[in-house]
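Novice: fold the stuff below for me.
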Amino acid sequence: MSDQPFAFFPAEVVRTARLSSSLLRITFGGPALAGFASGGRDQSFSLFLPHPGQPEPVVPVEEGEGWFWAWRALPEQERAVMRSYTVRAARPELPEVDVDFVLHGDTGPASAWAGRAAAGDRVLLLGPAVEDNTSVGFRPPAGAEWILLTADETALPAAAAILEWLPAGTRVSAFLEVPTEDDRLELTTAAEAEVHWLVRDGARPGLALDALRTADLPAGTPYAWVAGEAAAVRSIRRHLVGERGLDRKLVEFTGYWRLGSSEEQLRAEAIAEAQAAAEAAGQAAVTGS
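Specialist: Next comes the predicted model:
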């Protein structure tokens with residue numbers, strides 16, 4: 001077993017399967033994936049995709065821990081497209097990893113790539129080499145009496161994996177928002193789950209908040225997992241903490257995307273914020289010395 005929590009895993013497309021109007025499952029395979037140690041639930045990882053015309057994604061993995069800055073330094077049209085995804089299922093014995101993609105035409109490089117993906121197409125995964133890793137966010141505490149899940153289509157694979165992971169007898173109330181009626185998937189769970197499908201049918205993201213405001217939720221202490229469009233996620237968290245009185249420490253929330261912004265923009269903002277924080281910390285250390 002690796003002593004590093006994350007590693008690079010070269011892989012290729014094995015097969016694709018259309019799940020619904022908006023969702024496509026792509027199965028990746030390759031010998032390296034035998035070491036891909038998914039922790040299940042909402043296990044996330046980074047997927048690197050080639051640009052059109054490239055035989056494989058360009059990532060300077062030989063740079064070791066400095067790969068990210070070496071990758072950033074490459075010309076944008078050369079360096080691999082990097083996107084964050086959730087593991088829908090992992091089968092290291094085969095070895096294979098399933099990933100569900102939301103298709104929205106050619107409006108983004110990942111959707112465009114997924115819509116044309118074929119067996120043999122090469123990719124690179126940066127994912128877990130150990131099962132208990134920091135890219136698993138769903139961690140209900142022992143005192144939680146029931147589970148609240150809210151997700152849009154981008155977080156639906158994670159919500160489905162969470163439902164499969166939960167043991168029998170767990171009470172769950174799930175609010176799952178999807179673009180079309182056809183995107184209502186068959187879900188498997190041993191939990192006592194009440195699933196509310198919310199179909200946008202052209203409306204803006206945010207139906208889950210409206211549904212929660214009028215919902216008769218179970219009694220007892222919940223653990224809430226909230227994921228999807230960033231603004232909607234923040235609004236749901238404010239509702240749960242401010243109006244429902246939930247302890248903020250019992251609300252796990254993640255913005256998977258932001259309306260009107262690409263992942264490149266979000267990453268650039270996060271990098272700028274981290275750099276600003278580091279510079280502020282450095283200045284404070286100098287001032288205090």
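Novice: my read is that residue 135 contacts residue 40, right?
Specialist: No. Between residue 135 and residue 40 there is no contact under Cβ atoms under 8 Å: 11.2 Å. All C-beta spots, glycine's among them, are computed from the backbone N, C-alpha and C.
Novice: higher neighbour count, the two?
Specialist: Using other Cβ atoms under 10 Å, the more surrounded residue of residue 135 and residue 40 is residue 135, with 19 against 15.
Novice: and the residue nearest to residue 149 when sequence neighbours are not counted, what does it touch?
Specialist: Excluding the flanking residues, the one nearest residue 149 by Cβ to Cβ, 6 or more residues apart in numbering is residue 174, at 4.1 Å. For residue 174, the contacting residues are 148-151, 159, 163, 193-196, by Cβ atoms under 8 Å, 6 or more residues apart in numbering.
Novice: neighbour-wise, which one of those residues leads?
Specialist: Highest count within the contacts of residue 174 by other Cβ under 10 Å belongs to residue 150, 29 neighbours.
Novice: ok, it - contacts?
Specialist: Going by Cβ under 8 Å, 6+ apart, residue 150 touches 174-177, 208, 212, 224-228, 236.
Novice: kindly report the same for residue 53.
Specialist: Per Cβ under 8 Å, 6+ apart, neighbours of residue 53: none.
Novice: quick one: the helices in the stretch 101-250 of the chain, in order.
Specialist: Taking DSSP state H, counting those that start in this stretch, the helices of the stretch 101-250 of the chain run over residues 109-116, 156-165, 207-214, 230-238.
Novice: quick one: which of the ones you listed is nearest residue 100?
Specialist: With Cβ to Cβ, the closest approach to residue 100 among the helices of the stretch 101-250 of the chain belongs to helix 156-165: 4.1 Å.
Novice: which stretch of helix or strand covers residue 10?
Specialist: Take DSSP states H and E as the rule and residue 10 turns out to sit in strand 6-18.
Novice: buried sites along that strand?
Specialist: By neighbour count on 16 or more other Cβ atoms under 10 Å, the buried set for strand 6-18 is 6-7, 9-11, 13-14, 16.
Novice: among the residues you listed, which pair sits farthest apart?
Specialist: Pairwise distances across those (Cβ to Cβ) peak at 26.0 Å, for the pair 6 and 16.
Novice: make a markdown table out of the contacts of residue 174 and add distance to residue 255 and pLDDT.
Specialist: Shown next, in a markdown table, are those (distance: Cβ to Cβ, whole Å; pLDDT from 0 to 100):
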| residue | distance to residue 255 | pLDDT |
| --- | --- | --- |
| 148 | 17 | 98 |
| 149 | 16 | 98 |
| 150 | 12 | 98 |
| 151 | 12 | 98 |
| 159 | 15 | 98 |
| 163 | 21 | 98 |
| 193 | 24 | 98 |
| 194 | 25 | 98 |
| 195 | 22 | 98 |
| 196 | 21 | 98 |
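Novice: so how far is residue 196 from the residue lying closest to residue 49 once chain neighbours are set aside?
Specialist: Using Cβ to Cβ, 6+ apart and skipping residues adjacent in sequence, the residue nearest residue 49 is residue 81, 4.3 Å away. Distance, residue 81 to residue 196, using Cβ to Cβ, to the nearest Å: 34 Å.
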